[in-house]
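>>> Okay, here's the prediction I keep looking at, along with the sequence it came from:
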Amino acid sequence: MTDTRQNPANNKGGSLLQHSARTRKRNAAERRFRAYGIAAISVGLLMLCVLVTTIVGRGTGAFQQTFVTLEVELLESKLDKSGTRDIDAIKKVTTFGYAPIIRAAVEAKVAELGIDSPLKAKEMAGILSKDAAATLREFVIANPDQIGETVEFRFLASSRVDGYMKGRVSRDSIANDKSISPEQLDLVDALVSAGVVEKTFNLAFITGADASDARPEAAGMGVSMLGSLFMMLVVLALALPIGVAASIYLEEFAPKNWLTDIIEVNISNLAAVPSIVFGILGLAVFINYMHLPMSAPLVGGLVLTLMTLPTVIISTRAALKAVPPSIRDAALGVGASRMQAVFHHVLPLAAPGILTGTIIGLAQALGETAPLLLIGMVGFIASNAPETIADGLLSPNSAMPAQIYEWAKRADPAFYERAWGGIIILLIFLVTMNTVAVILRRRFERRW
Amino acid sequence: MNQMTALEKDVETQKTKIAAKNVNVYYGESHAIKDVNVEIEDNTVTAFIGPSGCGKSTFLRCLNRMNDTIDICRVTGDIEIDGEDIYDSRVDPVQLRAKVGMVFQKPNPFPKSIYDNVAYGPRIHGLAANKAELDEIVEKSLRRGAIWDEVKDRLDAPGTGLSGGQQQRLCIARAVATEPEVLLMDEPCSALDPIATAQIEELIDELRDSYSVVIVTHSMQQAARVSQKTAFFHLGNLVEFGATGQIFTNPEDPRTESYITGRIG
Ligand SMILES: Nc1ncnc2c1ncn2[C@@H]1O[C@H](COP(=O)(O)OP(=O)(O)O)[C@@H](O)[C@H]1O
Ligand SMILES: [Mg+2]
C-alpha cells in the first residue's frame, strides 16, 4: 500500500491541530457512512408512516356506523295474534312478519317530521339495514312483555346510506345501483338534519359476528377474535411446554452427536418452512386422518403450534445459551444435580428470553392466515360467544386474519372498509404483544 | 514471603485423603493427563503448578468428576477418596461433589442474595431442619469464608453486587456450607487484585485446619506461600511431587528447575 507512506496517519512532525490528509479522508468516510445509515432509517420510517396513515385513514371508518333512531309500535295484532304471550308462538313470527312494523315506524317518523318524499313506505324503509327486522325480533323474543308498547330503537342504516354518510357513496356512483336511489338519499339528508340519522361509534364492529354479503353494516370482528383467542390458548398450552422441554433437553442434557446435529438442522429448517405447508399437513393429518372437526380453533391451534414450535425452541435455546456456563458450574460444584442446576438457576435466568420468544411466536401465529384457509377457518359464523371452552375449541369459527381476508375478498366496498378496520384491531393486538415482549426483555435483561 | 519461609514450613505427614493411580484423561483423541500418580493428604494445602495448558485444571476436575459434564472427556485409572474409588459405577457424582467442594477461577456467585448463595447447598442437601439452623449454617460459612463482617448487614443484597475479592470469598463460603471434606480451587485468585489475593491466601491457610485443600495456581509465589505440598505438571505429566520447600529450593527434575527459575512457562 503505497498511500500509507504518502499520508502517514500520525502526521509525523506535523501539528496535532492540523488534520492530516489521511485523517480528513477517514472522517469524510465516517460522515458518509453515518449519512447512509440515516438515509436508510429515514426510508424505513417513511414507509412506516405511509403504512400507518393508510391503515388508519381507511380503517377508522369501520369503527363508526350510521344509525337510524325510530320509535316502533310493537303491534300485538302482528306479533302475538293470540294475545297469550306464548313464547313459541312469538318465535313463529319470522323477520318477514316484522317488516310491516318497521315500515310503519319509518313512515310515521317521516310524517311526524313533515318531510315531503315521493317514496313509498317500502322504499323509505330501504334506508335501514336488513338487519333491522332481526334486531327487532330478537328484542321481542327477549322481552315479550313489551308487545303492545312503543319502544325506541337505534337501527343500523343500510351500507349504502352508511357509505353516503362517510363519503364512500355519492349521487354519481349510485347511478346504476339498485339498492339505493337519489330520492332515498334526499330522505337521508332530511333525516340527518332532523337528527334521526347519525353516525356514531360502533361497538358492534369490535364485539359482533360476521354478517352475510347483503348486510356489511352488521359485520363485526368479535367472533373471529374469540376464534383467535381459542387458537392462541391451544398454541400457548402446547408450544410453550413442548418447546421449552425440547430446548432444555437439547441444550442441557442431550449428547452432542450426529443425531442431535440432525435434529438441530431440522429445527432450523422447520422455522423456514412456509406456513401453507403446515396448513396442508394439518388438513391431511388432523382433519382427513384424525377426523377432527373442520374450521375448529382446536385444529387451527394445532397447526399454528407446529408452526410456532421452531420459533419457541430456537429462542429458548438462545436464552439458555446466554446463561453463562459458570452458573451451571457453580451449581454442580455445590452438589446440585444437572436437573437442579437447570431448574433452580438456568431456567429462571432464561425465563425472560423464553417468554419473549414465546410472545413473538404467538404474535406470528396470531397474524398467520394461509394455513387457516386450508383448514377452512373462514367459515361464515353468525353465532356469538361459545358456552364452554370445549365448545369454543370445537365449534367452527374464524380467526382475525382469516376474517380480514374474507372481507377483503367480498365485492362490496363496505366490506373493504371493514377489512381495513380489522387490520387496525389485529395490529393493536400485535403491537401490544410485542411491546410486552420488549418490556419483559428490558426488565429482566442480564441479571448476572 | 520468599523461598526461605517456604523452606521453614513444617512438613508433618498427614493421612492420605485422595490417592490417584495411573490416571489418564483424554479429550477425544488428545491425551491431556498421562499416567499421573499422586497422594493428597488431609489437612494440607496441595498446590498444582505448571505452565498453561499442562492439565492442572483437567486433573483437578477429575477429583470431583466435573469432567463428567464434558462429553468428549474420558478418564481411566483409579482415584480413591478415603479408600473408595470415586469412579466406581455405584458412586453418584452429585453426592461426590457435595463431599468435594469446588471454587472456580472466575468468581461465580448465583444472581441471588448473599444469603441464598450460601444457603443453596445446605437446602438441596437437606442439611438444615429449619430456618434457624439454616441461618446458623449461613453465618458459620460466611465466617469461614472471612466475609461475615463485610456482609452481615446486607445478606439480602445480591451476591453479584460484591467486589471481585468479596465474591470469591462468598464462593468459598458457599463451597464450605455443604460441609465438604476436600476443597478444590482452580486459580481462585487469578481474577483478583493483590489485596484480595492476600485475603484469600490467608483464608486458605485457615481452611487447612478442617479440609484437604487442593489449589491450582500459575503463580509460584502463591504456591510457595500457601501450600505444604506442590505438584509440578508439564505437558500432561506429573513431573515432580513433594514438599513445597523441597520443590522450590531443591527440585530433582531439570524441567521443574527450569520452570521455577523462569525458563519455561
Ligand atoms: N473441554 C475441553 N475440550 C477439549 N480439550 C480440552 C478441554 N479442556 C482442556 N482441554 C485441553 O486439555 C489440556 C489441558 O488443559 P487444562 O487442564 O485446562 O490446562 P491448565 O489448567 O493447566 O492450563 C489443554 O491442552 C487443553 O487444550
Ligand atoms: Mg486451568
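Cool, the structure landed. Residues are numbered from 1 along each chain as shown, chains lettered A, B, ... in the order given. Ligands and ions are numbered 1, 2, ... in the order given.

>>> Least confident secondary structure element in the chain?
All of this refers to chain A. Counting by mean pLDDT, DSSP states H and E, chain A has its least confident helix or strand at helix A:2-6, which shows a mean of 48.

>>> that's the wrong chain, I wanted chain B
helix B:3-8 (a mean of 46).

>>> What's the separation between A:Ala89 and A:Asp131?
Taking Cβ to Cβ, to the nearest Å as the measure, A:Ala89 falls 24 Å from A:Asp131. Using the backbone N, CA and C atoms, a C-beta is placed for each residue, glycine as well.

>>> quick one: contacts for the nearest residue to A:Glu252 once chain neighbours are set aside?
Nearest non-adjacent residue to A:Glu252, counting by Cβ to Cβ, 6 or more residues apart in numbering or on different chains: A:Val342, 5.1 Å away. By Cβ atoms under 8 Å, 6 or more residues apart in numbering or on different chains, the contact list for A:Val342 reads A:Ile248, A:Glu252, A:Arg328.

>>> Mind giving me the packing neighbours of the helix or strand hosting the last one?
In this structure, A:Arg328 is located in helix A:325-333 according to DSSP states H and E. Counting contacts by 3 or more Cβ pairs under 8 Å, 6 or more residues apart in numbering or on different chains; DSSP states H and E, helix A:325-333 packs against helix B:93-99, strand B:100-103, helix B:164-177.

>>> Grab the nearest non-local neighbour of the closest residue to chain A within chain B.
Minimum separation of chain B from chain A (Cβ to the nearest Cβ) falls at B:Ala98, amounting to 3.2 Å. Using Cβ to Cβ, 6+ apart and skipping the chain neighbours, the partner closest in space to B:Ala98 is A:Gly335 (3.2 Å).

>>> any weak-confidence spans in the stretch 151-265 of chain B?
Filtered on pLDDT under 70, the stretch 151-265 of chain B yields the residue ranges B:263-265.

>>> Tell me which stretches of it form helices.
For the stretch 151-265 of chain B, helices defined by DSSP state H, counting those that start in this stretch occupy the ranges B:164-177, B:194-207, B:220-226, B:244-249, B:254-260.

>>> which one of the contacts of A:Val342 has the most neighbours?
Highest neighbour count within those, by other Cβ atoms under 10 Å in any protein chain shown: A:Ile248, with 21 neighbours.

>>> State the helix or strand in which that residue lies.
Counting by DSSP H and E, the element that carries A:Ile248 is helix A:222-248.

>>> hang on, the earlier thing: what residues sit buried inside the helix holding A:Arg328?
Within helix A:325-333, the residues that count as buried by 16 or more other Cβ atoms under 10 Å in any protein chain shown are A:Ser326, A:Ile327, A:Arg328, A:Asp329, A:Ala330, A:Ala331, A:Leu332, A:Gly333.

>>> Enumerate every residue touching the last one.
With contact set as Cβ under 8 Å, 6+ apart, A:Gly333 has these partners: B:Asn64, B:Met66, B:Arg97, B:Gly101, B:Met102, B:Val103, B:Phe104, B:Ala175.

>>> Apply 7 Å and report the result again.
Going by Cβ atoms under 7 Å, 6 or more residues apart in numbering or on different chains, A:Gly333 touches B:Arg97, B:Gly101, B:Met102, B:Phe104, B:Ala175.

>>> Need the single longest helix in chain A, by residues.
When chain A is scanned for its longest helix (criterion: DSSP state H), the result is helix A:21-59.
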